[in-house]
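Chemist: sequence unavailable; structure follows:
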C-alpha cells in the first residue's frame, strides 16, 4: 500500500509520523468540545512519544498562522473570481465566521504537520525497537 507510506496521508489522517498506524488524537471528531486537545502520550503501535519535549507544540502556532493566512488568501481569490464586485464587509464576515468554524480542524492539522517535521517515517520500525525497553 504505497499511499499509506506517504507523509500527506499521515498528516491528513492524523496518524503517527513514525509508523503511520497509530492516531495522534484520542477522539477522531475535531468538534468534540474540549476533547479536541487530548492526545495520547505515545503511539499505541510503535511507542513513538508524541510530546517530544516540554512545550513542543508551541511551534505549531506558526504552522496554524500559515494555514490561517492560506485560508484567507484562498477566500480572497474565491470571492474575486466568483463575485468580482463583492462587498468587503461580506468578505470579512464570511472569512471570520469560516475561520472560527475551522479552528478545531486547523488546530489538529497544525499539530500533525509540526510533529511530522521532526519525526520521520520508518517503514521497518519494528526492527528498530529495543526489546529491553
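Modeler: Arrived safely. None of the values given here were measured: they were computed from a predicted structure.
Chemist: residues contacting the residue located most distally from the centre of the chain?
Modeler: The C-alpha centroid of the chain is most remote from residue 85, which lies 34.4 Å away (CA atoms, centre = their mean). Contacts for residue 85 (CB atoms under 8 Å, 6 or more residues apart in numbering) come out as none. Every residue, glycine included, has its C-beta placed from N, CA and C.
Chemist: ramachandran coordinates for it?
Modeler: Dihedral pair for residue 85: phi -110, psi 40, per degrees, to the nearest 10.
Chemist: so how far is residue 98 from it?
Modeler: Per CB to CB, to the nearest Å, residue 85 is found 21 Å from residue 98.
Chemist: how many other residues sit next to residue 64?
Modeler: Neighbour count of residue 64, defined by other CB atoms under 10 Å: 19.
Chemist: doesn't it fall inside a strand?
Modeler: No. Going by DSSP: H, G, I helix; E, B strand; the rest coil, the assignment for residue 64 is helix, not a strand.
Chemist: does it touch residue 108 like I think?
Modeler: No. Between residue 64 and residue 108 there is no contact under CB atoms under 8 Å: 9.9 Å.
Chemist: how near is residue 44 to residue 15?
Modeler: From residue 44 across to residue 15, the span is 11 Å (CB to CB).
Chemist: between these two, which contacts overlap?
Modeler: Common contacts of residue 44 and residue 15 (CB under 8 Å, 6+ apart): 22, 23.
Chemist: which one's more surrounded, those two?
Modeler: Between residue 44 and residue 15, counted using other CB under 10 Å, the more crowded position is residue 15 (22 against 12).
Chemist: measure that one to residue 35 for me?
Modeler: Per CB to CB, residue 15 is found 18 Å from residue 35.
Chemist: list the contacts for the closest residue in space to residue 76 that isn't next to it in sequence?
Modeler: Closest residue to residue 76 apart from its sequence neighbours, by CB to CB, 6 or more residues apart in numbering: residue 91 at 7.3 Å. Listed by CB under 8 Å, 6+ apart, the contact set of residue 91 reads 75, 76, 79.
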